[in-house]
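Q: build me a structure from this.
(one chain, ligands or ions: 1)
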Amino acid sequence: MNNREDIEYFKSLSIKKIKEKVKEIKAQLPKEEQNVITYSKNFTLSLSNYCQNFCSYCFYNYKVPKVSGEGNVILLDNDQMKTLIQKALSYNCKEALLMSGERPYSFEEVQKELENRNCIDFIEFIKDICTYLLDLNLLPHSNIGLLSYEELRDLKNYNASMGLMLESTSMELFKKGGVHEFSPGKLPEKRIRHIEDAGKLKIPFTTGLLLGIGETLENRVNDLHLIKKIHEKYGHIQEVIIQNFVYKDGVQYHPENPISIEDMLKIAGIAKLIFKNEIAIQVPPNLISGFEKDFIEMGVDDFGGISPFTIDYINPNMSWPQIDDLNQICKRLGFVLKERLPIYDKFIKKSEFCPVSIKKRIESII
Ligand code: SF4
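A: Numbering: from 1, shown residues only. Take a look at the predicted model:
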């Protein structure tokens, strides 16, 4: 089937039909894996919200006036960072999510702060933090915007896995009034290049779609196929996030009709039909609260990183669920909620995806 036929086929499928097909796919897993939903106990180090782009749905960017929650961060203070890391250890977190705006070092303020801390550049700054984390048996997962091949290569041995959302390759979003009008870093060729480079470097990788930002069903299906194609070539994608845009005060983008839960369910199910059991389908549990059962029935495998104490910096109005509560929900459905590491088991087993520096730490953790 080509993409066009695929889109028509998926359009014709009812949610009920997708659920049936998803069940057949899950049944192909070993018995002990069929009723398992995973998550990673993590915490976030929001390193800088200075960003070269300005996506109109973004709350995180330093240009967005914050009415509540966290303020702007040029470069996260060392003492604050250490306090957060100690707290993470007390909660027994295994993953440290390092996030920042895209190319924050293109701003003079950030550059100056890096100099004050005797860091050669932003990548060295990240490497220093990762080294500190790894020494404490915390596994870094960096998602810090577009990086060059060399930057990705430099960071590989310091990260258990890395990530970059594809979001959407729709060029409509770059037109006047589109959400990516002022976001050169969101150009599809740049995102694809980054994801492919991570593949060439054999970095276990997370990507995904952001839904409800002006894209169509066709765009969504095409983008899922695109991710599949990249994965077929490099084999490095461990999970695909299906994330919905949620409005919050302060952001410019405020669609009249936000994406419906039915559309979200449908695309999660379609993702499962496309990726089968090769790549995990992930939804952020704080954005689909109340519909966990439906998403599990649509083949969702993973609830991503859940923090016991840091906020969702992208959606600070949507608090993380308690792991115990999520556990109960899964139990009621006959599923088991199981903690995983930021690098999936199948990649830990492959030395080319899991360098010695990371393997050593994983052995200490487990
Ligand atoms: S969504 Fe990401 S790239 Fe876009 S403005 Fe926000 S931080 Fe920058």
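
Q: phi, psi of the residue nearest to residue 362 when sequence neighbours are not counted?
A: On the basis of C-beta to C-beta, 6 or more residues apart in numbering, the spatially nearest residue to residue 362 that is not a chain neighbour turns out to be residue 348, at 6.0 Å. Any C-beta I mention is one placed from the backbone N, CA and C, and that applies to glycine too. With angles defined as degrees, to the nearest 10, residue 348 shows backbone torsions of phi -60, psi -40.

Q: likewise residue 195?
A: Dihedral angles phi and psi of residue 195 (degrees, to the nearest 10) take the values phi -60, psi -40.

Q: could you do residue 57 as well?
A: Listed backbone geometry of residue 57 is phi -100, psi 0, with angles given as degrees, to the nearest 10.

Q: and it, how far is that from residue 247?
A: Between residue 57 and residue 247 the distance is 8 Å, computed by C-beta to C-beta, to the nearest Å.

Q: residue 304: what secondary structure?
A: Secondary structure, DSSP: H, G, I helix; E, B strand; the rest coil: residue 304 is strand.

Q: beta partners for the residue nearest to it when sequence neighbours are not counted?
A: By the measure of C-beta to C-beta, 6+ apart, the closest residue to residue 304 outside its immediate chain neighbours is residue 282, 4.8 Å from it. The partner list for residue 282 in beta bridges (DSSP bridges) reads residue 241, residue 302.

Q: quick one: residue 282 and residue 240 touch, right?
A: Yes - counting by C-beta atoms under 8 Å, a contact exists between residue 282 and residue 240, whose distance comes to 6.7 Å.

Q: okay, and the common contacts of these two?
A: Here residue 282 and residue 240 have 206, 208 as joint contacts, going by C-beta atoms under 8 Å, 6 or more residues apart in numbering.

Q: what about the residue of the stretch 251-366 of the chain found nearest the ligand, which SS state?
A: Sorted by distance to the ligand under C-beta to the nearest ligand atom, the residues of the stretch 251-366 of the chain start with residue 314, at 7.5 Å. Classification of residue 314 using three-state DSSP returns coil.

Q: residue contacts, the residue nearest to residue 304?
A: Taking C-beta under 8 Å, 6+ apart as the contact definition, residue 282 lies against 206, 208, 239, 240, 241, 242, 300, 301, 302, 303, 304.

Q: cool, and residue 21?
A: Neighbour list for residue 21: 13, 269, 273 [criterion: C-beta under 8 Å, 6+ apart].

Q: and stretch 136-152, which residues are buried?
A: 138, 139, 140, 141, 142, 143, 144, 145, 146, 147, 151, 152 (16 or more other C-beta atoms under 10 Å).

Q: what about those residues, which are in helices?
A: When DSSP state H is applied, those are split such that 151, 152 fall in helices.

Q: the ligand: which of the buried residues of stretch 136-152 is nearest?
A: For the buried residues of stretch 136-152, the closest approach to the ligand (C-beta to the nearest ligand atom) belongs to residue 145, at 6.0 Å.

Q: my guess is the closest one contacts residue 98. True?
A: No - distance between residue 145 and residue 98: 11.2 Å, which falls outside the contact criterion (C-beta under 8 Å).

Q: thinking again about what came up before, I'd like the contacts of residue 21 laid out as JSON lines, including secondary structure and pLDDT.
A: Formatted as JSON lines, these follow (DSSP: H, G, I helix; E, B strand; the rest coil; pLDDT from 0 to 100):
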{"residue": "13", "secondary structure": "coil", "pLDDT": "92"}
{"residue": "269", "secondary structure": "helix", "pLDDT": "98"}
{"residue": "273", "secondary structure": "helix", "pLDDT": "97"}
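
Q: out of those, who's the most crowded?
A: By neighbour count, taken as other C-beta atoms under 10 Å, the most surrounded of those turns out to be residue 269 (26 neighbours).

Q: tell me which residues touch that one, please.
A: Applying C-beta under 8 Å, 6+ apart, we find residue 269 in contact with 13, 15, 18, 19, 21, 22, 298, 299.
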